[in-house]
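[1] Build me a structure from this.
(2 chains)
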Amino acid sequence: KNQVEQSPQSLIILEGKNCTLQCNYTVSPFSNLRWYKQDTGRGPVSLTIMTFSENTKSNGRYTATLDADTKQSSLHITASQLSDSASYICVVSRQDTNAGKSTFGDGTTLTVKP
Amino acid sequence: SAVISQKPSRDICQRGTSLTIQCQVDSQVTMMFWYRQQPGQSLTLIATANQGSEATYESGFVIDKFPISRPNLTFSTLTVSNMSPEDSSIYLCSVERADRGNTEAFFGQGTRLTVV
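    Model prediction:
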């Protein structure tokens, strides 16, 4: 069964600190992995997209890594800001499907406190 | 990227009534997707809407409950029919775009529905 599991389920950190969110998947055959940020009451917004051959990709203070052998990805947030408080969703697509039939993780809820 | 306008952003509805959610995209797209996100959970695909044909529904979702229209390549609607409190969720529309060989999904801002 194609699954995406994220950890931790929730996380509270102080402003300025770094944090790392994890995503493990069993989706096969793998096409790409995306991290989204979803603010409360808003739709998800794409942070990064990674294919099989990519190990790391950065988008400002967000850095995603991918290990296709172990089927693990991480999202590292550097120097957190209050505006980083949101749900972070890992999404994995199969080669034989379109983006709309991707497998979504349950998300990690990040709270950044002053 | 894609600009997706979704409305209403939120609504409170009486049980037994219906609500139609609209989704407008800034350019033509072949497929539009409708998702439901129940409280504390991730997104679940309801159906795929293609212009000029019937929508394709995922397991657990039926056309009578969630009728979809796709009159052109930039617009779609999802109706939540005969609502019950269990339908209280965030509903999102999405489109896909190919960028340098990768297909990526873009989402509307969502409709927060509360059924009382």
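
[2] hmm, stretch A:77-97 in reach of chain B?
    Yes. Stretch A:77-97 comes into contact with chain B (Cβ under 8 Å from any Cβ of the partner chain), by way of A:Ile89, A:Val91, A:Ser93. For glycine as for every other residue, the C-beta is placed from the backbone atoms N, C-alpha and C.

[3] Show the average pLDDT along that stretch.
    Mean pLDDT, computed over stretch A:77-97, is 90.

[4] Just the buried positions in it, please.
    By 16 or more other Cβ atoms under 10 Å in any protein chain shown, the buried positions in stretch A:77-97 come out as A:77, A:80, A:84-94.

[5] any weak-confidence spans in the chain?
    Let's take chain A. Within chain A, the set of residues satisfying pLDDT under 70 comprises A:1-2, A:96-101.

[6] my bad, chain B
    Across chain B, the ranges flagged by pLDDT under 70 are B:1, B:99-103.

[7] Tell me where it has strands.
    B:4-7, B:10-13, B:19-25, B:31-37, B:43-50, B:56-57, B:68-72, B:75-80, B:89-99, B:102-107, B:111-115 (DSSP state E).

[8] which one of those strands is the most hemmed in?
    strand B:31-37 (a mean of 24; mean count of other Cβ atoms under 10 Å in any protein chain shown).

[9] Report the contact partners of the spatially most central residue of chain B.
    The centre of chain B sits closest to B:Trp34, judged by Cα atoms, centre = their mean, with a distance of 3.0 Å. B:Trp34 makes contact with B:23, B:45-47, B:49, B:66, B:68, B:76, B:78, B:91-94, according to Cβ atoms under 8 Å, 6 or more residues apart in numbering or on different chains.

[10] could I get stretch B:109-116 in CSV with only the CA atoms?
    What follows is stretch B:109-116, C-alpha atoms only, in CSV (Å, rounded to 0.1, in the frame of the first residue of the first chain):
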residue,chain,number,x,y,z
GLN,B,109,-7.1,29.0,-0.5
GLY,B,110,-9.9,26.6,0.5
THR,B,111,-13.5,26.8,1.6
ARG,B,112,-14.1,26.2,5.3
LEU,B,113,-17.6,24.7,5.6
THR,B,114,-19.4,24.3,8.9
VAL,B,115,-22.7,22.5,8.9
VAL,B,116,-25.0,23.1,11.9
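
[11] about what we covered before: right, so of the strands of chain B, which gets closest to A:Thr51?
    Closest approach to A:Thr51 among these (Cβ to Cβ): strand B:102-107, 6.3 Å.

[12] out of the buried residues of stretch A:77-97, which are inside strands?
    A:Ile77, A:Ala86, A:Ser87, A:Tyr88, A:Ile89, A:Cys90, A:Val91, A:Val92, A:Ser93, A:Arg94.

[13] Let me have these in JSON lines, extended by distance to A:Lys113.
    Shown next, in JSON lines, are these (distance: Cβ to Cβ, whole Å):
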{"residue": "A:Ile77", "distance to A:Lys113": "14"}
{"residue": "A:Ala86", "distance to A:Lys113": "14"}
{"residue": "A:Ser87", "distance to A:Lys113": "16"}
{"residue": "A:Tyr88", "distance to A:Lys113": "17"}
{"residue": "A:Ile89", "distance to A:Lys113": "22"}
{"residue": "A:Cys90", "distance to A:Lys113": "24"}
{"residue": "A:Val91", "distance to A:Lys113": "27"}
{"residue": "A:Val92", "distance to A:Lys113": "30"}
{"residue": "A:Ser93", "distance to A:Lys113": "34"}
{"residue": "A:Arg94", "distance to A:Lys113": "38"}
